[in-house]
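Engineer: A predicted structure for the sequence below; I have some questions about it.
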Amino acid sequence: MLPSELLSDAFRRISDSVVSVLDTLGPDDLNRRPGGSGNSISWLIWHLTRVQDDHVAEVSGQEQVWTAGGFVDRFGFRLSVADTGYGHSASQVSAVTVDSGTLLLDYHRAVADQTLGFVRSLGAADLDRIVDERWDPPVTLGVRLISVVGDCLKHAGQAAYIRGLPSPPV
């Protein structure tokens, strides 16, 4: 298996998880915050997609789908254009709500398409390219992509867990 095939498979698994979580959920389920202050499904899916979009666009030299595809305006959140959700406070998490999963899914699919187009173009030697010298040791492309996969799968799993929680009593 080529590294590009392995990475493509990993990123497709993220998308499969996102589709599974969002299937048939309405706004109450998407925006419900476990315990009243936990991260909602809508926030988790938005965040994992923003992280993937931000990180992959940076290493591929492409514009983020968030801005290039007009999603920043379509979502209309009261957040900075560059916001990915990292370090969000409870009030910032509350700002990320959706009326349906369709917009989340559209954004995620557009990011997944851009990501897959990039990783399919990679050869084994590309993965050794240094993409971030702020760390010691410097971060290679391969390490950055695996970091994105791990983070996104973790958040997709959290969203799936929330989906399975019983609805709060009315």
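Structural biologist: Happy to help now that I have it.

Engineer: for the helix of greatest length in the chain, name the packing helices and strands.
Structural biologist: Ranked by number of residues, the top helix in the chain under DSSP state H is helix 141-164. Packing contacts for helix 141-164, counted by 3 or more Cβ pairs under 8 Å, 6 or more residues apart in numbering; DSSP states H and E, involve helix 3-22, helix 41-60, strand 130-132. Every C-beta, even on glycine, is put in place using the N, C-alpha and C of the backbone.

Engineer: buried ones in it, by neighbour count?
Structural biologist: 141-145, 148-149, 151-153, 155-156, 158-159, 162-163 (16 or more other Cβ atoms under 10 Å).

Engineer: stretch 80-92 too?
Structural biologist: Buried, per 16+ other Cβ under 10 Å, within stretch 80-92: Asp83, Thr84, Gly85, His88.

Engineer: one more: stretch 66-81?
Structural biologist: Neighbour-count burial for stretch 66-81, counted by 16+ other Cβ under 10 Å, picks out Trp66, Gly69, Phe71, Val72, Phe75, Leu79.

Engineer: quick one: which of these sit in helices?
Structural biologist: Per DSSP H, the subset of those in helices is Trp66, Phe71, Val72, Phe75.

Engineer: right, I'll leave it there.
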